[in-house]
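**Q** give me a model of this one.
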Amino acid sequence: MNTEYTLSILTENNVGLLQNIVTEFTKRKINIDSFTGSETENKDIYRITILVNASEQLIKKIANSIEQIIDVFRVVVYKDDELVYQELALYKVPTKSLLDSNSVENIVRENNARILYVGKEITVIEKTGHKEQTQELFEKLKPYNILGFSRSGRIALSNKNMKSVNKFLTKQLKNDSATYEPVK
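**A** Model prediction:
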């Protein structure tokens, strides 16, 4: 049975690394549902967050394979209850929809979204939340002629103490002569 897993991959930020990581999923015919990457609290460490649906056995194999890639420090696999996570969605609607009635503005407020940009012809609305929440707002805005929609991948942090990972990274980066201040 497949389950939703989030992989948090702590790496160096080197050219070609993303391709090597994605190849591990491709080899096993696993579709990536969401993919994000960014610098972490430490400039020497990059976090790639990948959301997939797969069996626990297959996820363990993929995580082990990714950890064998030279530029990867650590792969941590999470289920949703072990994370704090969000996505960002942007919705483009005609400004006329906003000006003709209070309906769009009321929908924005009711869904804890915000108006990010208002131009002559288009208005951009921003919503952060889980995929279901951003999709719900999409459905509510559909009657107002959505001109564009974009949703980011999942960003996530563990809701647990990360002492063991911090300890590992401190040791790893000392060997690489970089510095690392653990997150408390």
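**Q** find the nearest non-adjacent residue to the residue nearest the centre of the chain, please.
**A** Closest to where the C-alpha atoms of the chain average out (CA atoms, centre = their mean) is residue 154, at 2.2 Å. Spatial nearest neighbour of residue 154, chain neighbours left out: residue 34 (4.4 Å); criterion: CB to CB, 6 or more residues apart in numbering. In short, each C-beta sits where N, CA and C put it, glycine included.
**Q** and the residue nearest to the centre of the chain, what are its phi and psi?
**A** Reported as degrees, to the nearest 10, the phi and psi values for residue 154 are phi -70, psi 140.
**Q** now the one helix or strand residue 60 maps to: buried residues?
**A** Using DSSP states H and E, residue 60 falls within helix 56-67. Under the neighbour-count criterion of 16 or more other CB atoms under 10 Å, helix 56-67 has 58-59, 62-63, 65-66 buried.
**Q** convert it to PDB, retaining C-alpha atoms only.
**A** The C-alpha trace of helix 56-67 is given here as PDB (Å, rounded to 0.1, in the frame of the first residue of the first chain):
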ATOM      1  CA  GLU A  56       7.600   2.200   2.900                       C
ATOM      2  CA  GLN A  57      10.000  -0.400   1.500                       C
ATOM      3  CA  LEU A  58      10.600   1.500  -1.700                       C
ATOM      4  CA  ILE A  59      11.000   4.800   0.100                       C
ATOM      5  CA  LYS A  60      13.700   3.300   2.300                       C
ATOM      6  CA  LYS A  61      15.600   2.000  -0.800                       C
ATOM      7  CA  ILE A  62      15.400   5.400  -2.500                       C
ATOM      8  CA  ALA A  63      16.500   7.200   0.700                       C
ATOM      9  CA  ASN A  64      19.500   4.900   1.000                       C
ATOM     10  CA  SER A  65      20.400   5.300  -2.600                       C
ATOM     11  CA  ILE A  66      20.200   9.100  -2.400                       C
ATOM     12  CA  GLU A  67      22.400   9.100   0.700                       C
END
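**Q** which strands and helices sit next to the next helix or strand along the chain from that helix?
**A** Beyond helix 56-67 in the direction of the C-terminus, DSSP H and E gives the next helix or strand as strand 72-78. Contact analysis of strand 72-78 by 3 or more CB pairs under 8 Å, 6 or more residues apart in numbering; DSSP states H and E lists strand 3-11, helix 56-67, strand 155-158, helix 163-175 as its packing neighbours.
**Q** now do the second one, average pLDDT.
**A** So that's helix 56-67. Along helix 56-67, the predicted local confidence has a mean pLDDT of 95.
**Q** care to break the protein down by domain?
**A** 3-78+155-175, 85-151 (automatic domain parsing).
**Q** which of those domains has the lowest mean pLDDT?
**A** Note on the domains of the chain: domain 3-78+155-175 shows the lowest mean pLDDT, a mean of 88.
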